[in-house]
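**Q** coords below, sequence missing:
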């Protein structure tokens, strides 16, 4: 059972948009990442203590007839979490969670404890023929959730009534400056939860075609969760890598897509895997490289946070993939 039922355009090799990245730059970035692994544990002592919050609402298995009840229970839980955070004196968290209790919001799951988790639905999940599940990258918590939600909203507006969108913050994302960002460990922990969610989503709507849209560190999560027949398309964008060397290594029947914006800093992250003090660090092959073997779609000139920008080439192509309009997807 999933937890919610229980309680960053590759460039042409002969015509690059930007000057080639130099080995010195890659070595410097790798050194920065390794330094983060040393500095972050020292900095952790200054982290804020946990904010009081209620346990998640007891919902049980969600069915088409109990969806509205589940939505109401999770909104009530968010309202209570806001009151508890305010009483604790954390007004930023109280304000963020209060907005999530709005009567127009629809959550399959909500948990305000610690960094928080939320699974928000846009559209008619029980009746739609297509569902896009969005998986976020690092530094996504309840406190920063609105930026993730905005992307989901933009995609849903682009899709219209033809598909539902699920913003799946169902795991504890790593901090951009943290030891966890060096490895795919958090992704390995999160993947079973995402697989369980997809399976129960399939039980809720057995006819819907499901696309998994993964951003940045979330691509490592989605890559591990895409095995089995339930995923039609696995879409990786703004990705540092998935932890494997090729799309074939993902052992998925889904079509595998990859895209990267022309101004996305993730292109400068070193690719490959290495042993560091007995731990494997890195993310493997660049997903937009020919060696990886994904279908590479054009993602325009945007940066790491621009893939869902209204009117962008990346948003248009993401919508086409979700809708199954593969012949209309512009390639990089």
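**A** Noted; the coordinates are in hand. Here the structure is a predicted model, which is why all the values come from computation and not from measurement.
**Q** What pLDDT does the model give residue 186?
**A** We have a pLDDT of 85 for residue 186.
**Q** Run a quick neighbour tally on it.
**A** 19 (other Cβ atoms under 10 Å). Just so you know, the C-beta spots here come from the backbone N, C-alpha and C atoms, and that holds for glycine as well.
**Q** List the contacts of it.
**A** Counting by Cβ atoms under 8 Å, 6 or more residues apart in numbering, residue 186 touches 171-174, 180, 217, 221.
**Q** What is the most widely separated pair among those residues?
**A** 180 and 221 (12.4 Å; Cβ to Cβ).
**Q** Neighbour count for the two, which is higher?
**A** Set residue 180 next to residue 221 and count neighbours by other Cβ under 10 Å: residue 221 wins out with 31 against 19.
**Q** Ramachandran angles for the more buried one?
**A** The phi/psi pair for residue 221 (degrees, to the nearest 10) reads phi -70, psi -50.
**Q** and the helix or strand hosting residue 97, what other elements does it pack with?
**A** Using DSSP states H and E, residue 97 sits in helix 91-100. Counting contacts by 3 or more Cβ pairs under 8 Å, 6 or more residues apart in numbering; DSSP states H and E, helix 91-100 packs against helix 67-88, helix 145-159.
**Q** Buried ones in the first one, by neighbour count?
**A** When neighbours are counted by 16 or more other Cβ atoms under 10 Å, the buried residues of helix 67-88 are found to be 67, 70-71, 73-75, 77-85.
**Q** And the helices in this structure, which stretches?
**A** 23-43, 67-88, 91-100, 145-159, 185-204, 218-225, 313-322 (DSSP state H).
**Q** what about the last one, distance to the chain center?
**A** Its chain's C-alpha centre and that of helix 313-322 lie 16 Å apart, by Cα atoms, centre = their mean, to the nearest Å.
**Q** now the angle between helix 145-159 and that helix, please.
**A** 60 degrees (axes from the mean of the first three to the mean of the last three Cα atoms, to 10 degrees).
**Q** Now do helix 313-322: everything it contacts.
**A** The contact list for helix 313-322, computed with Cβ under 8 Å, 6+ apart, reads 130, 132, 154-155, 158-159, 163, 211, 213, 233, 235, 237, 257, 259, 261, 297-300, 302, 306-309, 326, 328-330.
**Q** And the buried ones among these, selectable in PyMOL?
**A** To isolate the buried ones among those in PyMOL, judged by 16+ other Cβ under 10 Å, type:
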select buried, resi 130+132+154+155+158+159+163+211+213+233+235+237+257+259+261+297+298+299+300+302+306+307+308+309+329
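**Q** Out of the contacts of helix 313-322, which sit inside strands?
**A** 130, 132, 211, 213, 233, 235, 237, 257, 259 (DSSP state E).
**Q** Residue 263 contacts residue 299, doesn't it?
**A** No. In this structure residue 263 lies outside contact range of residue 299 using Cβ atoms under 8 Å: 10.1 Å.
**Q** mind showing which ranges of the stretch 201-332 of the chain have poor pLDDT?
**A** Applying pLDDT under 70 to the stretch 201-332 of the chain picks out residues 276-278.
**Q** if we go to 90?
**A** Residue ranges of the stretch 201-332 of the chain with pLDDT under 90: 227-229, 269-284.
**Q** so where's the stretch 51-200 of the chain shaky on pLDDT?
**A** In the stretch 51-200 of the chain (pLDDT under 90), the answer is 51, 60, 175-187.
**Q** try 70 this time
**A** 178-179.
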